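# Have a look at this prediction, sequence included:
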Number of protein chains: 2
Amino acid sequence: MELPARTVERLSKYRRILWQYKEMEEAHIFSHDLARLLHLTPAQVRRDLMLLGVSGNHRKGYQISELIELISQTIDHDEGIRLATVGMGNLGSAITRYIVQTPGKLKVVAGFDIDPSKVGTSVSGVFCFHLNVLHEVIPAKNITLAILAVPSEDASAISKMLVSSGIKGILNFTPVSLNLPAEVYVKNHDIVTSLEEIGFFTKSG
Amino acid sequence: MELPARTVERLSKYRRILWQYKEMEEAHIFSHDLARLLHLTPAQVRRDLMLLGVSGNHRKGYQISELIELISQTIDHDEGIRLATVGMGNLGSAITRYIVQTPGKLKVVAGFDIDPSKVGTSVSGVFCFHLNVLHEVIPAKNITLAILAVPSEDASAISKMLVSSGIKGILNFTPVSLNLPAEVYVKNHDIVTSLEEIGFFTKSG
């Protein structure tokens, strides 16, 4: 299915909320509950869900398990999304642990570092390889996405290694703007810069 | 100084790279080095640094310590940016640990949770309070920004508590769109949604 980025993002958010409702043993949800939590209009939610070929019961709302299944069929890779975490320091390990604990199709299948105290260990079941076997491990394990959590001065060179190993998308936690071919999908999540920006704009508050 | 958001973001990124160069015991840096790492033009970098009232020596470049000091004077609060982490689960603790270890003016001065196994403990020196004392602790410790890393179903209610306690800015790690007064500065960093979005767009790759 051809979907715009915004729609994929909303479907992904619906599913995360549905998982949490399911854990609370709810069976149904109304479009206005999803709309309220995500600050959307109920009409927008219903339009998105109609794309999945489902419409809610006006008394009970949508069936949660069915909705999760339909969203998953639409946005997931059949075999899951196979990730590597590159840079298994404090932040890289934490993100790895967080993703392993989050239900869904994201699978962290390898970590990479150069620190001898990390190489050969595991974090939440994810084995840490030395960076110098990246070119072998990425294709062998069929990994397509990477979480980049390395020191800034290494970010640019390592991102190029990732792309030449077959990586198609990167979630970049460094402050460096990666200069990569246009077909590589990059999203930037620099926590410190974001906090400093928020800090600056609330300075006078 | 009145600066646009993009400029503050770039200054913050320059500083992070300068810190790392300084750790490698470099004394000077050229605008084209900063430009290359951040994927900007050298002219843009020089324009930004001129705003700080500094221009580089054409043989040696900019003096790193001076540049860090000038950027800090421009974008930092004098007393540092005082943060709370709300939700000291896996992700909240990790982000806390990461920020504590990052040099700069960001100070995490309190954590909050409702889990009895977390309340009363410390993460990297940051004490975890029970959420029900948030209204007292936030103003008492002069905290202005919050990192929100709570379960989705609690995000909306807790964000409102934060604002009524005096919080001016939030870095939101939940998938929930917070519906807050316009003067509260919110940035969204939903890791799972970002990875799923990258995954979707690299599906056919």
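Everything's here; your move.

# from here on, contacts and neighbour counts on C-alpha atoms
Will do.

# correct me, but residue A:176 touches residue A:154?
No. Under the criterion of Cα atoms under 8 Å, residue A:176 is not in contact with residue A:154, lying 9.4 Å apart.

# For the two, indicate the residue with more neighbours.
A count of neighbours by other Cα atoms under 10 Å in any protein chain shown puts residue A:176 above the other of residue A:176 and residue A:154, at 25 against 14.

# Please, which helix or strand holds that one?
Residue A:176 belongs to no helix or strand when elements are defined using DSSP states H and E.

# Buried residues in the longest helix along chain A, which are they?
Of all the segments of type helix in chain A, defined by DSSP state H, the longest one is helix A:5-23. Within helix A:5-23, the residues that count as buried by 16 or more other Cα atoms under 10 Å in any protein chain shown are A:8-19, A:21-22.

# Output the longest strand belonging to chain A.
Taking DSSP state E as the criterion, chain A has its longest strand at strand A:106-113.

# What lies in contact with stretch A:187-205?
With contact meaning Cα atoms under 8 Å, 6 or more residues apart in numbering or on different chains, stretch A:187-205 is reached by A:170-175, B:5, B:8-9, B:12-13, B:75-77, B:81, B:99, B:106, B:144-145, B:168-171, B:184-187, B:189, B:194, B:198.

# for stretch A:167-176, same thing?
The contact list for stretch A:167-176 (Cα under 8 Å, 6+ apart) reads A:138, A:143-152, A:155-156, A:183-191, A:193, B:13, B:16, B:37-39, B:194-195, B:198-199, B:202, B:205.

# Apply 6 Å and report the result again.
A:144-149, A:152, A:184-190, B:13, B:37-38, B:198 (Cα atoms under 6 Å, 6 or more residues apart in numbering or on different chains).

# can you check stretch A:106-113 too?
So stretch A:106-113 is in contact with A:80-88, A:126-131, going by Cα under 6 Å, 6+ apart.

# that older thread, ok, the longest strand of chain A: who's next to it in the sheet?
According to DSSP bridges, the neighbouring strands of strand A:106-113, each with its direction, are strand A:81-86 (parallel), strand A:126-130 (parallel).

# Now render those as JSON lines, adding mean pLDDT and mean neighbour count.
Formatted as JSON lines, the strands paired with strand A:106-113 follow (pLDDT from 0 to 100; neighbours: other Cα atoms under 10 Å in any protein chain shown):
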{"stretch": "strand A:81-86", "mean pLDDT": "95", "mean neighbour count": "25"}
{"stretch": "strand A:126-130", "mean pLDDT": "93", "mean neighbour count": "20"}
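
# quick one, which of those is nearest to residue B:66?
Distance to residue B:66, taken as Cα to Cα, is lowest for strand A:81-86 among the strands paired with strand A:106-113, at 32.5 Å.

# Can you pull out the residues in contact with that closest one?
The list of residues contacting strand A:81-86 from outside it, by Cα under 6 Å, 6+ apart, reads A:105-112, A:143-149.

# what's the lowest-pLDDT member of those?
Within the contacts of strand A:81-86, pLDDT reaches its minimum at residue A:105, with 82.

# From chain B, how far out is that residue?
Separation of residue A:105 from chain B (Cα to the nearest Cα, to the nearest Å): 8 Å.

# Show me which of the contacts of stretch A:106-113 is closest to chain B.
Chain B has its nearest neighbour among the contacts of stretch A:106-113 in residue A:81, at 6.2 Å by Cα to the nearest Cα.

# still on that earlier bit, got TSV for the buried residues of helix A:5-23, with pLDDT and distance to chain B too?
Formatted as TSV, those follow (pLDDT from 0 to 100; distance: Cα to the nearest Cα, whole Å):
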residue	pLDDT	distance to chain B
A:8	89	6
A:9	90	6
A:10	93	9
A:11	93	9
A:12	91	6
A:13	92	6
A:14	94	9
A:15	92	10
A:16	89	7
A:17	90	7
A:18	92	10
A:19	88	10
A:21	87	8
A:22	86	12
